[in-house]
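> just to be clear, the model below is a prediction. Sequence and coordinates:
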Amino acid sequence: MLYRTAGQFKTSYKADMALFPVRQDAVLLAVILALVWGVFPLLASEFAFQTLLIPILIYALAALGLNILTGYAGQLSLGTGAFMGVGAYACYKMVTLFPWMNPVVAILLSGLFSAGVGVMFGIPSLRIKGFYLAIATLAAQFFLVWLFEKWGWLYNDNASGAIQVPNLDMFGIYVAGPQASSLVQYYVVLAVVTLMTLLCINLTRGNLGRTWKATRDMDIAAELIGINLLRSKLMAFAVSSYVVGVAGALFVFMWRGAAEPNLFDIPLSFRVLFIAIIGGLGSILGNYLGAILIVGLPVVLNTLPQALGLPISSATVEHLNVMIVGALIVFFLIIEPHGLARLWALIREKLIIWPFPH
Amino acid sequence: MDGSRTDDSTEGQETVRDEGHVVAEGRRIGPVLMELRNITLRFGGVVAIKDISFDIREGEIRAIIGPNGAGKSSMLNIISGFYTPSEGALLYRGETRPPMRPYEVARLGVARTFQNIALFEGMTVLDNVMTGRLTHMKAGLVAQALWWGRARDEEIANREVVEKVIDFLEIQAIRKTPVGRLPYGLKKRVELARALAAEPSLLLLDEPMAGMNVEEKEDMSRFILDVNDEFGTTICLIEHDMGVVMDLSDRVVVMDYGRKIGDGTPDEVRRNQDVIDAYLGVAH
Amino acid sequence: MLNDIFIKPFADMAAAPDFLLQVLWEGLVSGILYALIALGFVLIYRSSRIFNFAQGIMVVFAALTLVGLHALGIPAWISVALTLAVMFALAVTIERVVLRPLVGQPDIILFMATIGITLFLIGGGEIIFGGENKVMITEELGIPTGSVLLEPWGGLLILEQKDITAVLVAAALVVALLVFLNRTRMGRAIRALGDDHQAALSVGISLQTVWVLVWFIAGIIALVTGIAWGARAGVSFALEVIAYKALPVLMLGGLESITGAIIGGLMIGMLEKLFEIYWGQPLLGGNTETWFAFVLALVVLLFRPQGLFGERIIERV
C-alpha cells in the first residue's frame, strides 16, 4: 500500500531516468536525509558520534569506493586499507607542508594521490584476472604499509613513527585535531560522504557505469562491442582509489586523530571488504547497510553483557566479537549472497505489489 | 573502384557487379565494404583457415556456411578483430586495415552477436542495449559524475535511439528485466538489439538461428531481413542451417576444413559440385 | 648506488659462501612450509574451486589444539591423534554448515565465507587457548633439537635438527599425497572433480565426501606445518602471517598445480631470504620479507600471465 506505484506515469525518458522514478523512494530518502542532517546531530551523545555516526559514514564511503572496483567493475581487491593509508598520509603531508590549506580541500585532494597509486597497481589487471589479481592487490597492501613504516619523510620523521593530526581550522572553527568538536567533524564527514555518494550514483548509472558492468559481466564481449578494457579497468581503479583515499583521509583526520602504519594493514582491508560484500556488491545503498551492521554490531555486543550484568572480561568480549562477526558473515552469505541491498530490494518489490501476491 | 575487385574466387560472383546495382527486392547493393585477401589462420600447428579470399558489399546479406569445424567462427573472429590472421590482409572501404584490438574494430562500425550468447547477465535489457551506444558517447568523467550538460544530453539522446531499436525488435515489455531471467530466444533478440543499437556499418551474426525452433527461426529471419531492408545495414552471417541461409542471403561463401569451396548466389552455390560433394552431399 | 645494487651483494656472496649457504638453507626451510600451506590451498581449490583463505588459520588452530591438549596432561602422540580427530570434525562441520548451503555460488562468495571461517576460528581460538605465545611440544614428539655443524670451505654452516626433520617430514608428506592422488580411487576422484565438476558428479563421485576429505587432508597438512613452524617460532596467532606467504606461491605456481606449489614455495622461500639479507637490510631498511614475494609474483605474472607452470590459454568466443 505504502509503496504502490500504480498511477505514477513517466512521459519522457528524462523522467524515467530520474534518480527516484518511484515517488515513495524519494520520500524515504528525504526522511533519512532529514534524520542524518537534522535530528541525529541534535540528539547524539559524544559516544554516539565517536562509536557509531562518524565511523559508519567513513566506513560506508570506503566500502563504496571498493564497491566501484569490485562490485561494478568486477576486480577483486584486498588492498583497500593500504589505499586508505595513501589518502591519509597524502593529506598529512599536505596540511603540514602547506598549513594555510583548507582542510576539506586537502582531504578532497588527497584522494588524487591514492588514485594515482591505484592506477599504478591496476595496470596488471589487464593481464591478471580473478583471484590472481586479488593476490596481486595484496602486493600493494604489504608494500605500501611497509613504505609507510620505512619512509620517514611521510610522517615527517616523527620519533613515534605515527602521524598526529594537528589542529586545523576552517573559517575560525576547528574541524580536525584535538580541539575539534565531534559535531563539526560529523557535519564535515557527512557533507563529504553525501557529495561522494551523489557523484558515485551518477557515475554508476551512466555510460561509465555500463562500461564497468560490461567489463565485469563478460570482458571478451565487452571488448568486442567497443570497450577498451584497460581504460575501463584503470578508470575503475582510479575512481575507486580516489573515493577510498578520501575515506582514508577522513578516517584519520575526522575520526582517529592519529595513525600508525599498521592501522592500514590487512584487517582494515578485510573490514571494508566485509561491509561491501555483506551490504551487496554492485549496490550503493548496500555500503551503508553493511557499515551499520559491521560498525554497529561490536558496539551492541560490547554494551550488551554489561547491560545484562554478565561478568565477561573485555578481552573475551572482543574475541567473541570476532567470532560472531565471522559467523554472521557466513550466515548472511547463506541467506542472501547478494547482500543486504538485495534483501531490501526484495522487500520493496513485495511492498509495491502488496497486498497482492504477484 | 572496380580494379580492387578482381574476382579470384570461383565462378559467378557477377550478379552484383556495379555500384548501385538494384537487386530484385529493390534493395541497393553498393561497392565493396570489406575485402578479405588470402587469409590464413594458424593456432600453433593447426591450420584453422587456409588462404581464403572473399568480399562483402555494402547493403548485402552475405552468408558464410559450412559444416561444424569448417572455420566459420574463426573467420568471423578475424573480421571482428578478435583473432589476427597469420597471413593475408583485410581491406575496409578499400584501405588495408592494420592489426587492431577488437574494441578499435568495433569503433570502426563493426558490431556482432555471438554463437553462445554473450550478454551482460548482471544488467537489465535496457542497459545491455545501451552498451551498444558506448562508442557514440563522449562525455568526460566529470560531466558524468555531475550528470550535467553533455553527459545528460547524451544519455537522453542515446536512450531515444535505443528505444527505437527496442520497438523495432518488439522487446518493449522486457525493457527493465535483468537479462539473466530471459529465455534463450529473447536473449538472442536482445543481443541483436545491442548490436543494432551501435548503428553498425557492418553487422556480424554468429549463428543467429542456433538452437531455435522453427517459429523462432522465422521470427529471427524476418528481423534480419527487416534490418537489412529498413536500415540498409550490411550483414555478414554464419549458419550451418542451409535452408534458412539460402532464403536470406544475397551471396554465400561455403567453407570446409578451413578452405573456401564455393562462393556465389544461393542458386549458384546450390549447383556447385564441390559444395554438393563436401556439404550437401553428406548424408546426415 | 649502482654498485650497491648490482655488484656489492654478489661480491659479499662470493666472499662468504658458507653464510650464503646458511641463508639459502633458512630460505629452503621457510620455503618448504610455504609450499605445504600452498599445497593445502591447491587441493581445496582443485576439488571445489574454493579459494580457502582459512588455510593459514587452520595451521594455527591445529598447532594450538595440539599444545592445548598436551597441556591437559595427555601424552604427546595421543594428543596428535586427538588433534587429527578435531581437524576431521572441523572438516565435516565446515562442509555441513558452510559449504553445502553455498554450493554453486560465485567464487567470491565462497571466498568470503572462508574469511568468515577464519574470523570465527581466530575468535574461538583466542577464547579457548588464549592469545599468548606457546612453546611447541617438540621434544615430547621425539623431534631432535640439536644442530648439525658443517664446515664447507672452512666456514661454518649450522643446520638445526628440527629443521632437517621438518624438511624430511614435509617431503614424505608430499610424496604420500602424490601417491594418494595418483594411485587411489579417492585421489583420482579428487582430481576428476578439479577437471570437470559436472562430469565427475555424473559418474557418481560424491561431492560431499570429497570435500570433507580434502578439507581433512588440508587439516593434516596444517598440523604438520603447525608443528614444524611452531618448533621454530612458538605457537601463536602471529603464525597466521606466514599463511599469506602461500598466496604469492600460488600466483607463481598456479592455483591448480601441485608441482607449482612445491617449486614456487621453495623458490619464494629462498629468494625472499636472499633479497632481505643482501639487498633489503643494507639498502631498504629491512623487513622486506613482508612484500617481496608478492611483488616478485606480480612482476612474473605481468610477463607470464599463465604463471610459471600454466599453459597458454587460447581465448574463444
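Happy to help now that I have it.

> for the rest of this, base every contact and every neighbour count on C-alpha atoms.
Fine.

> neighbouring contacts of the helix or strand in which A:A291 is found?
Assigned by DSSP states H and E, A:A291 belongs to helix A:285-308. The contact list for helix A:285-308, computed with CA atoms under 8 Å, 6 or more residues apart in numbering or on different chains, reads A:51-52, A:55-57, A:59-61, A:63-64, A:67, A:271, A:274-280, A:311-312, A:314, A:317-318, A:321, A:325, A:339-341.

> in it, what counts as buried?
Within helix A:285-308, the residues that count as buried by 16 or more other CA atoms under 10 Å in any protein chain shown are A:285-296, A:298, A:302.

> and the strands in the stretch 151-284 of chain B?
With DSSP state E, counting those that start in this stretch, the ranges of strands along the stretch 151-284 of chain B come out as B:202-206, B:234-239, B:251-256, B:259-264.

> now the strands for the chain?
Went with chain A since none was named. Ranges of strands in chain A, per DSSP state E, are A:163-164, A:168-170, A:173-176, A:258-259.

> nope, chain C please
Using DSSP E, the strands found in chain C span residues C:147-150, C:157-160.

> low-confidence stretches in the stretch 1-150 of chain B?
Segments of the stretch 1-150 of chain B classed as low confidence (criterion: pLDDT under 70) are B:1-27.

> apart from its neighbours in sequence, what residue is nearest the closest residue to chain C within it?
In the stretch 1-150 of chain B, the residue found nearest to chain C is B:F114; the distance is 7.1 Å by CA to the nearest CA. Spatial nearest neighbour of B:F114, chain neighbours left out: B:D206 (5.1 Å); criterion: CA to CA, 6 or more residues apart in numbering or on different chains.

> gap between that neighbour and A:S160?
For B:D206, the distance to A:S160 equals 65 Å [CA to CA, to the nearest Å].

> equivalent analysis for C:V167, please.
Separation of C:V167 from A:S160 (CA to CA): 41 Å.

> and those two? which has more neighbours close in?
C:V167 (19 against 9; other CA atoms under 10 Å in any protein chain shown).

> got a pLDDT number for the residue nearest to B:F114?
On pLDDT, B:D206 comes in at 92.

> that one bridge partners, please.
B:I238 (DSSP bridges).

> okay, now C:Y34: neighbour count?
Other residues close to C:Y34 by other CA under 10 Å number 29.

> and C:G131, by the same measure?
16.

> mind listing what the residue lying closest to it once chain neighbours are set aside touches?
Among residues not flanking C:G131 along the chain, C:S236 sits closest, at 6.6 Å (CA to CA, 6+ apart). Listed by CA under 8 Å, 6+ apart, the contact set of C:S236 reads C:60, C:64, C:131-134.

> same deal with C:V59?
C:219, C:221-223, C:225-226, C:239-240.

> closest to chain B out of these?
Nearest to chain B among the contacts of C:V59 is C:E240, at 36.1 Å by CA to the nearest CA.

> low-scoring stretches of the stretch 251-358 of chain A, by residue?
Along the stretch 251-358 of chain A, segments meeting pLDDT under 70 span A:357-358.

> closest residue of the stretch 151-300 of chain A to chain B?
Closest residue of the stretch 151-300 of chain A to chain B, CA to the nearest CA: A:G226 (3.8 Å).

> who touches that residue in this structure?
B:102-107, B:134-135.

> out of these, who's near chain A?
B:102-107, B:134-135 (CA under 8 Å from any CA of the partner chain).

> show me these that map onto helices.
Per DSSP state H, helices hold the following members of those: B:102-107.

> contacts only, for the closest residue to A:V86 other than its chain neighbours.
Of all residues not flanking A:V86 in the chain, A:S114 sits nearest, at 5.3 Å (CA to CA, 6+ apart). Residues near A:S114 by CA under 8 Å, 6+ apart: A:83-84, A:86-87, A:241-242, A:244-245.

> try it again with 6 Å
Under the criterion of CA atoms under 6 Å, 6 or more residues apart in numbering or on different chains, the neighbours of A:S114 are A:83, A:86-87, A:241-242, A:245.

> please apply the same query to C:G40.
C:A218.

> so for residue 73, what's the pLDDT?
Just going to use chain A. pLDDT, read off for A:A73, is 93.

> my question was about chain C, not that one.
85.

> can you check the one 5 residues further on too?
What the model reports for C:I78 is a pLDDT of 90.

> if we can go back for a sec, closest one to C:N52 among the strands of the stretch 151-284 of chain B?
Proximity to C:N52 (CA to CA) singles out strand B:202-206 among the strands of the stretch 151-284 of chain B, at 39.1 Å.

> can you tell me, leaving aside adjacent residues, what's nearest to the residue in the stretch 51-200 of chain B that chain A sits nearest to?
The minimum distance from the stretch 51-200 of chain B to chain A, using CA to the nearest CA, falls at B:Y103 (3.8 Å). Once flanking residues are discounted, B:Y103 sits nearest to A:G226: 3.8 Å by CA to CA, 6+ apart.

> quick check on that neighbour: phi, psi?
phi 110, psi 10 (degrees, to the nearest 10).
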